[in-house]
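>>> Whatever this is, show me its structure:
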Amino acid sequence: MFSCTRRTFLQNSALTGASLLLPGLLGGCAVTRSTAVKTLPPDLQSWPLERKIAQMLLLGFPGETLEPDSPIDQAIRRYGAGGVVLFDNNIDLGVTGRNITAPAQLKQLTTALQQASELPLLIAVDQEGGVVARLKDRYGFPATVSAKYLGQQNRLDLTRSSSENLAATLDEYGFNLNLAPVVDLATNPDNPVIAFKERSFSADPALVAAHAAEFIKSHHRHHILTCLKHFPGHGSSRDDSHLGLVDVTRYWHENELQPYRDLISQGLCDMVMTAHTFNTAIDPDHPATLSRATIDGILRKQLGFDGVVVSDDLYMGAIIQHYSYETAVEKAINAGVDLLVVANDKLYSPDIMPRTIELLLNLVQQGRIPRERIEQASRRIIAMKQRLLKPGNTA
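Residues are numbered from 1 along each chain as shown. Predicted structure coming up:
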């Protein structure tokens, strides 16, 4: 439970959305919700720690509409959530009651979500193309092709035009973040979660990087951020991290880093998603999402990436079967994760926002997470969001 002081702050002083960021409120003066075009405040130093923590969450939620005073409505309006991630129903994974069923319904939902937030809200989706597409043609959206198909054709003009159409659809329906492309190498043709679902362009790292670059540039032309995944490589795995622990120690090869190295060096990396894979050669104790050696050591120091690192869903089997949510959050942030994904699909936690804020406040207070890690993560997230406001971002 919240302490009295923190409960009062989180429920009352937040007013509506990001109003608490305004100097008038911080000085004790009354303010009203602005109807102006959304902007990002220039001075992060004035933000309460609770607000910075809220920006570090990308939340899933049930429902095809944004209901007033629902947990997700409160997460956005009251606490200032950094973003949401939308899904469609997936009977195979036991995921029902989700967010995408038809074009008109989706447009209404994303509009309502963005209007609920006073700061720019990340509205994310996994629209890779082919098998992994939340905006499916059976719902009335344009059909897409898989990364495997594009890699086999190996025509950059085809990848460019296909990605252009995909990105235009996301733009039309209110998304500003695509949790794609997959840059895993298809080194194991029997991989149940990558190769089997045709999510990889190729086993050739240079080909993967080239086609991923076209995918990213097409999205940037529509002012949509992208995300490279799954770091440091899930393509060689023999198992599915949605279901349980995945150990790639015997199979992973350093060339799986090459697409990241190439795309980072080209300035085409908005965000990197970690894999829930375990590799004792890199870290004998933790999967990549919870591994400082992987994130800070390889991605930050070796590859030179200083942008946003996002976790894969913290409720996936590889994590929840071995760690409590509290432990996973602490380890992920200390490892270097900036944005925490909680899909909230198979295990729904309506209180995940206030629960996580309180958890991180306590961890900072106890000295178990340095306050600077929260500051650093929020700076990276806001810097990334700033690019959404710049029409010139058409790399």
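>>> where does the stretch 1-150 of the chain have low pLDDT?
Counting by pLDDT under 70, the stretch 1-150 of the chain contains low-confidence ranges at 1-42, 92-94.
>>> now the strands for it?
Along the stretch 1-150 of the chain, counting by DSSP state E, counting those that start in this stretch, strands occupy 57-59, 83-86, 122-125, 127-129, 132-133.
>>> packing partners for the third one?
Under the contact definition 3 or more CB pairs under 8 Å, 6 or more residues apart in numbering; DSSP states H and E, strand 122-125 sits against strand 83-86, helix 103-116, strand 177-178. No exception for glycine: its C-beta is placed from N, CA and C like everyone else's.
>>> Each with direction, which strands does that strand pair with?
Strand 122-125 has the following strand partners under DSSP bridges: strand 83-86 (parallel), strand 177-178 (parallel).
>>> quick one: it to chain centroid distance?
Centroid displacement of strand 122-125 relative to its chain, using CA atoms, centre = their mean, to the nearest Å, is 8 Å.
>>> Need the contact partners of that strand.
58, 82-87, 100, 110, 113-114, 134-135, 170, 174-179, 225, 385 (CB atoms under 8 Å, 6 or more residues apart in numbering).
>>> Can you tell me, leaving aside adjacent residues, what's nearest to the residue minimising distance to the centre of the chain?
Compute the mean C-alpha point of the chain, and by CA atoms, centre = their mean the closest residue is residue 310, 5.1 Å away. Distances taken as CB to CB, 6 or more residues apart in numbering place residue 339 nearest to residue 310, at 4.1 Å, with adjacent residues excluded.
>>> Quick check, the one you found in contact with residue 56.
Yes. Residue 339 is within contact range of residue 56, at 5.8 Å (criterion: CB atoms under 8 Å).
>>> Common neighbours of the two, please.
Residues touching both residue 339 and residue 56 (CB under 8 Å, 6+ apart) are 82, 377, 381.
>>> which among the residues you listed gets closest to residue 256?
Distances from residue 256 to the shared contacts of residue 339 and residue 56, taken as CB to CB, are shortest for residue 377 (25.4 Å).
>>> circling back: include mean neighbour count and distance to residue 334 when you put the strands paired with strand 122-125 into JSON lines, please.
Converted to JSON lines, those look like this (neighbours: other CB atoms under 10 Å; distance: least, CB to CB, whole Å):
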{"stretch": "strand 83-86", "mean neighbour count": "25", "distance to residue 334": "22"}
{"stretch": "strand 177-178", "mean neighbour count": "26", "distance to residue 334": "24"}
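>>> which stretch among these comes nearest residue 139?
Among the strands paired with strand 122-125, strand 83-86 comes nearest to residue 139, with 12.2 Å by CB to CB.
>>> On the pLDDT front, check the closest residue to residue 368 other than its chain neighbours for me.
Among residues not flanking residue 368 along the chain, residue 330 sits closest, at 6.2 Å (CB to CB, 6+ apart). Note for residue 330: predicted pLDDT of 98.
>>> Am I right that residue 330 is in contact with residue 363?
Yes. Taking CB under 8 Å as the definition, residue 330 is a contact partner of residue 363 at 5.6 Å.
>>> if I look at these two, which residues touch both of them?
Joint contacts of residue 330 and residue 363 (CB under 8 Å, 6+ apart) are residue 369.
>>> picking that back up, for the shared contacts of residue 339 and residue 56, which single residue is the most surrounded?
Tallying neighbours with other CB atoms under 10 Å puts residue 82 at the head of the shared contacts of residue 339 and residue 56, with 30 neighbours.
>>> How much space separates that one from residue 210?
According to CB to CB, to the nearest Å, residue 82 and residue 210 sit 31 Å apart.
>>> now do residue 335
For residue 335, the distance to residue 210 equals 30 Å [CB to CB].
>>> higher neighbour count, these two?
Using other CB under 10 Å, the more surrounded residue of residue 335 and residue 210 is residue 335, with 24 against 20.
>>> got the contact list for the residue nearest to the more buried one when sequence neighbours are not counted?
Nearest residue to residue 335, sequence neighbours excluded (CB to CB, 6+ apart): residue 292, at 4.5 Å. When contacts are counted by CB under 8 Å, 6+ apart, residue 292 touches 283, 286, 334, 335, 336.
>>> try 10 Å
Shown in contact with residue 292 (CB atoms under 10 Å, 6 or more residues apart in numbering): 283, 286, 300, 331, 334, 335, 336.
>>> Could you do residue 173 as well?
Neighbouring residues of residue 173 by CB under 10 Å, 6+ apart: 86, 100, 103-104, 106-107, 109-111, 123, 125, 127, 135, 141.
>>> which stretches of the stretch 151-300 of the chain aren't confidently modelled?
Counting by pLDDT under 70, the stretch 151-300 of the chain has low-confidence residues at 239-244.
>>> Isn't the residue nearest to residue 310 up against residue 54?
No. Residue 339 lies out of contact with residue 54 (CB atoms under 10 Å); the separation is 11.4 Å.
>>> Residues in contact with both of those two, list them for me.
Common contacts of residue 339 and residue 54 (CB under 10 Å, 6+ apart): 82, 378.
>>> so residue 190 is in which element?
Using DSSP states H and E, no element contains residue 190; it sits outside every helix and strand.
>>> measure it to residue 231 for me?
Separation of residue 190 from residue 231 (CB to CB): 22 Å.
>>> More neighbours: these two, which one.
Taking residue 190 and residue 231 together and counting by other CB under 10 Å, residue 231 has the greater number of neighbours (28 against 7).
>>> all helices of the stretch 151-300 of the chain, in order?
156-172, 205-221, 258-265, 292 (DSSP state H, counting those that start in this stretch).
>>> Which among these is found nearest to residue 186?
So among those, helix 205-221 is nearest, using CB to CB, at 8.5 Å.
>>> Would you mark the buried spots in the closest one?
By neighbour count on 16 or more other CB atoms under 10 Å, the buried set for helix 205-221 is 205, 207-221.
>>> Closest one to residue 66 out of those residues, please.
Minimum distance to residue 66 across the buried residues of helix 205-221 is 24.8 Å, recorded for residue 219 (CB to CB).
>>> gap between the nearest residue to that closest one once chain neighbours are set aside and residue 129?
Nearest residue to residue 219, sequence neighbours excluded (CB to CB, 6+ apart): residue 167, at 4.5 Å. Per CB to CB, residue 167 is found 11 Å from residue 129.
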